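> model the structure of this input:
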Amino acid sequence: MPHVHFTTQNVSVSVPAGTRLLDAARQAGLAIEAPCDGMGSCGKCRAKVSASSRSGLSEADHELLTPLEGQAGWVLACQSTIQGDIEAAIETAQSDGLKILSDGLKVETEINPWITKIHLLPTGGTSSCKSPSSSAGATRVLAGDSLLATEPGDTTEHLYGLAVDIGTTTLVVALNDLRDGRELAVASNLNPQARYAQDVLSRIKMGSKPEGLQALHGELVAELNRLIGQIIQQAGVSSRHIYEAVFSGNTTMLHLAAGVNPASLGKYPYTPALAGGSHVQAASIGLDISPHGLVYLPPIMSAYVGADITSGILATRLPSLSGVTLFVDIGTNGEMVLATDGELTATSTAAGPAFEGMNIACGMRAGRGAVEQVAFSGEGIQVKTIGGAEPVGVCGSGLLDAIGEMAAHRLLDKSGRFHANGTLESRPWKDRWDFLNGSPIFRLAGPVYLSQKDVRQVQLAKAAIRAGIDLMLRANDLEAAKVDRVLIAGSFGFHLRTSSLIHLGLLPREFSNRVEFVGNTSKTGAQAFLLNRAVRDDLKSIVRKVRVLELANDPAFEKTFVRALSF
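Residues are numbered from 1 along each chain as shown. So this is what the prediction gives:
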């Protein structure tokens, strides 16, 4: 069998001839990103094969050079099959310095958790969970009114739960004391599923096959367990005293987390196999908490409006707000809810991975060295990078800033084409125009640039969200000027500027003074579910009444989407 040596990590593996370089890297235990599920379209699984090893790859693969490098020897690992011994340098997914928002709008709620404890004294009496610790007697752990477990001695001082935000791109796990609601520790990282499939549709496709579901579920739970290990070490608690976890995520993420085949989400009539509003056994999905532990899945609204939005509704108290409120969670999926004096309408659009820096020439996650803010002035272009490091790429917020500024200064025409002349004020940036491989680019900072294709990717993503907003307003006979407040949620959304969203046309101009960034409401809503059992029934009732718009069935969607492409 051919022998493959990965020089950067100094690891080797032997594989059968015909194996893809990407698969060989994964067999060697390397965390390689291929968010297009190995289709060859994202360009993220780059590898440099030494000149002496070129004969070890199939002949057709020799031409798969990445446009960013433009140098001989660079190939896409997902498109390169191994025929003989090779040496390759390959990039692994990096999370060092990653900027993930773990906080959001706080929910003031009464502490009344689903999980409680009662200490039974040796005499047959009881004591409350606030009583002094005692080794005598036993402690009953209750889930609602049912006995979950019995523990020796008095363990009432050890009562914990987890709020887990399972995003398409990122994960956040928070540990809470169920006695007083305090957040004791929090940890976050990338969702490892993104290495296999970047967006929801790709994961549905992969997870519909037994081996794909096993891989996606296994990777996710393994990472959640690693994060749980971090936070219990930080807080100095035992995992056996964590009795409940609340999983907040979109409908596909909940299916994959619970190990449930998501195939029904990918075909008409798009019926979820899970409705939410119920528990599964933590042990049945491999989650490392108490052996008696439970996982609560909040109620979901549809195949594409999930529990993360239910958590957002809870965190922002949308049903109790007067007037008209638009809630938008901007990310790989654009999910939104319109609240009109307590009446809720929800929908979802497939924004795609551009907002996460994927399918972008110099795109990257929100990690160290990523350009996260861009501003144009008479003195030129000012950029801010994460960690204050030298720029190495651009993440989603920087991408939207940059293209928004280019649109505002007419460096793009209304159709999104590069417009080199721009306005009079654009002259300080005329030396930013360049060519790479015969195509025009606009240089932002250092090696970081934007291509015409990058602009198109952002156009498609922003048009999907804007079309959803416009059609939801139309379905409620409302104009943009009638919206009283706009709440932008999500880790990505928190780093955006209102001006960029307006310049891009992602939001109507009427929203300019009405936008509030509410952060990670998926996580803070999950904490409210964790700490107060009463809200679970309340939200079940609310979700049943939500009007869900299926934009794919709206005859006006295509025309509205095309109109929203314009800057």
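
> show me the contacts for I204.
For I204, the contacting residues are T252, P262, A263, L265, G266, by Cβ atoms under 8 Å, 6 or more residues apart in numbering. C-beta here means a position set from N, CA and C on the backbone, and glycine is covered the same way.

> how about a cut-off of 6 Å?
T252, P262, L265, G266 (Cβ atoms under 6 Å, 6 or more residues apart in numbering).

> count the neighbours of the last one for me.
Right, G266. 16 (other Cβ atoms under 10 Å).

> ok, which stretches of the chain are helices?
Along the chain, the stretches classed as helices by DSSP state H are 21-27, 200-207, 210-235, 251-257, 282-285, 307-316, 396-408, 452-475, 498-504, 521-531, 534-545, 557-564.

> I'd like these laid out as a markdown table, including distance to L121.
A markdown table is the format used below for these (distance: least, Cβ to Cβ, whole Å):
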| stretch | distance to L121 |
| --- | --- |
| helix 21-27 | 55 |
| helix 200-207 | 50 |
| helix 210-235 | 29 |
| helix 251-257 | 40 |
| helix 282-285 | 30 |
| helix 307-316 | 38 |
| helix 396-408 | 57 |
| helix 452-475 | 57 |
| helix 498-504 | 59 |
| helix 521-531 | 27 |
| helix 534-545 | 29 |
| helix 557-564 | 65 |
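
> comparing those, which yields the minimum mean pLDDT?
The minimum mean pLDDT among these belongs to helix 21-27 (a mean of 81).

> which other residues reach that helix?
V4, V13, V15, I32, A34, G38, C45, A47, A77, C78, S80, I90.

> 7 Å instead, please
Helix 21-27 is contacted from outside by 4, 6, 13, 15, 32, 34, 38, 45, 47, 77-78, 80, 82, 88, 90, using Cβ atoms under 7 Å, 6 or more residues apart in numbering.

> just these: which are in strands?
In strands, defined here by DSSP state E, the members of the contacts of helix 21-27 are V4, F6, V13, A47, A88, I90.

> would you turn the residues you listed into CSV with distance to Q198 and neighbour count?
Listed next are the ones in strands among the contacts of helix 21-27 as CSV, based on distance: Cβ to Cβ, whole Å; neighbours: other Cβ atoms under 10 Å:
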residue, distance to Q198, neighbour count
V4, 25, 25
F6, 23, 23
V13, 25, 19
A47, 19, 26
A88, 23, 24
I90, 18, 23
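
> lowest pLDDT pick from the contacts of I204?
For the contacts of I204, the least confident entry is G266, with 93.

> now for F517, how many residues are close by?
18.

> so what's the closest residue to G312 other than its chain neighbours up against?
Nearest residue to G312, sequence neighbours excluded (Cβ to Cβ, 6 or more residues apart in numbering): T521, at 4.1 Å. T521 is in contact with G104, L105, S311, G312, A315, T316, A489, counting by Cβ under 7 Å, 6+ apart.

> and the furthest pair within those residues?
L105 and S311 (10.7 Å; Cβ to Cβ).

> look up how far A88 lies from the residue lying closest to S14 once chain neighbours are set aside.
Using Cβ to Cβ, 6+ apart and skipping the chain neighbours, the partner closest in space to S14 is M1 (4.6 Å). Computed with Cβ to Cβ, to the nearest Å, the distance linking M1 and A88 is 16 Å.

> and if you look at V337?
Counting by Cβ to Cβ, the gap from V337 to A88 is 47 Å.

> and if you look at M206?
From M206 to A88 the distance is 25 Å (Cβ to Cβ).

> and if you look at H158?
49 Å.

> what do you get for A351?
As defined by Cβ to Cβ, A351 lies at a distance of 33 Å from A88.

> ok, now T345?
51 Å.

> and what of L444?
30 Å.

> same question, G331
Taking Cβ to Cβ, one finds G331 at 33 Å from A88.

> try A25
8 Å.

> where do the contact lists of these two overlap?
F6.

> give me the low-pLDDT residue ranges for the chain?
31, 33-44, 51-73, 91-102, 123-136, 421-427, 491-495 (pLDDT under 70).

> show me the domain layout of it.
What the record gives for the chain is the domain set 3-90, 317-353+458-564, 354-454, from automatic domain parsing.

> chain center to the second one: distance?
In other words, domain 317-353+458-564. Domain 317-353+458-564 sits 16 Å away from the centroid of its parent chain (Cα atoms, centre = their mean, to the nearest Å).

> can you give me the end-to-end distance of it?
This stretch, domain 317-353+458-564, spans 30 Å end to end (Cα to Cα, to the nearest Å).

> equivalent analysis for the first one, please.
In terms of Cα to Cα, the two terminal residues of domain 3-90 are separated by 15 Å.

> about what we covered before: what about the residue nearest to S14, neighbour count?
Neighbours of M1 (other Cβ under 10 Å): 11.

> alright, calling it a day.
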